[in-house]
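S.K.: Have a look; sequence and predicted model below, questions after that.
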Amino acid sequence: MSIASPPNIERVLFTEEQIDRRIREVAAEISRDYQGRVVKLIGVLKGSVFFLTTLARYVDAPLKVDFLGISSFSNKSGAPGVVRIAKDLDESIEGEDVLLIEDIVDTGLTLRYLLQTLSGRAPNSLSVCTFLDRNSRRLVQVPINYRCFEIPDRFVVGFGLDYNQLYRNLGYVAVMKPQT
Ligand code: IMP
């Protein structure tokens with residue numbers, strides 16, 4: 001079922017069909033790479049939930065799921081990148097094969113913080129899978145093992161990504177009209 005585009009949407013970037021097809025491809029890569037191991041998907045609340053649940057259903061490997069929530073702040077000079085954990089994981093990741101699931105990697109500051117924090121908890125392996133990658137805005141270099149789509153330098157919503165907590169439930173990814 002498709003619903004009418006909200007008025008703030010400029011154009012659809014990826015349709016439901018394109019998203020589903022691409023997630024199946026990435027899930028096949030993951031299934032191959034984690035053969036014989038148990039993979040633990042760690043979702044970053046709230047944006048990655050929609051992507052994680054779709055991906056998880058297509059991964060053909062024994063799989064566990066956990067979530068963590070983060071808050072991002074600007075520092076005193078207004079620069080982004082001060083991140084802290086607002087809801088921690090329910091279980092230890094020591095000795096586990098962890099695949100961190102992100103909705104979008106933009107500046108990379110959030111992912112850098114998460115990788116530093118999680119690697120200190122002695123997982124057996126720690127890899128990253130992101131739904132979207134906006135490489136053009138990267139401020140810090142971060143490793144990404146799996147990505148579904150590279151996107152242009154525009155604000156996007158849908159399939160978990162929000163603007164003021166809205167639009168997460170769109171089945172597609174869309175570019176927002178510039179807000180005045
Ligand atoms: P980073 O720390 O700059 O890489 O930012 C990552 C976070 O910023 C993501 O997890 C999103 O919550 C948010 N974000 C960045 N770009 C967008 C966007 O285009 N739409 C919605 N959220 C975004």
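M.R.: All right, it came through fine.

S.K.: Please make it C-alpha for all contacts and neighbour counts, starting now.
M.R.: Fine.

S.K.: at contact distance from the ligand, anything in the longest strand seen in the chain?
M.R.: In terms of residue count, the longest strand belonging to the chain (DSSP state E) is strand 63-73. No - using CA under 6 Å from any ligand atom, we find that strand 63-73 stays clear of the ligand, coming within 8.0 Å at best.

S.K.: elements contacting that strand?
M.R.: Other helices and strands packing on strand 63-73, by 3 or more CA pairs under 8 Å, 6 or more residues apart in numbering; DSSP states H and E, are strand 39-45, strand 82-87.

S.K.: That strand: which residues count as buried?
M.R.: By 16 or more other CA atoms under 10 Å, the buried positions in strand 63-73 come out as 65, 66, 67, 68.

S.K.: Closest one of these to the ligand?
M.R.: residue 68 (12.0 Å; CA to the nearest ligand atom).

S.K.: Wait, the closest one touches residue 89, no?
M.R.: Yes - between residue 68 and residue 89 there is a contact at 5.2 Å, judged by CA atoms under 8 Å.

S.K.: Parallel or antiparallel, list what pairs with the longest strand of the chain.
M.R.: Next to strand 63-73 in the sheet, as set by DSSP bridges, lie strand 39-45 (parallel), strand 82-87 (antiparallel).
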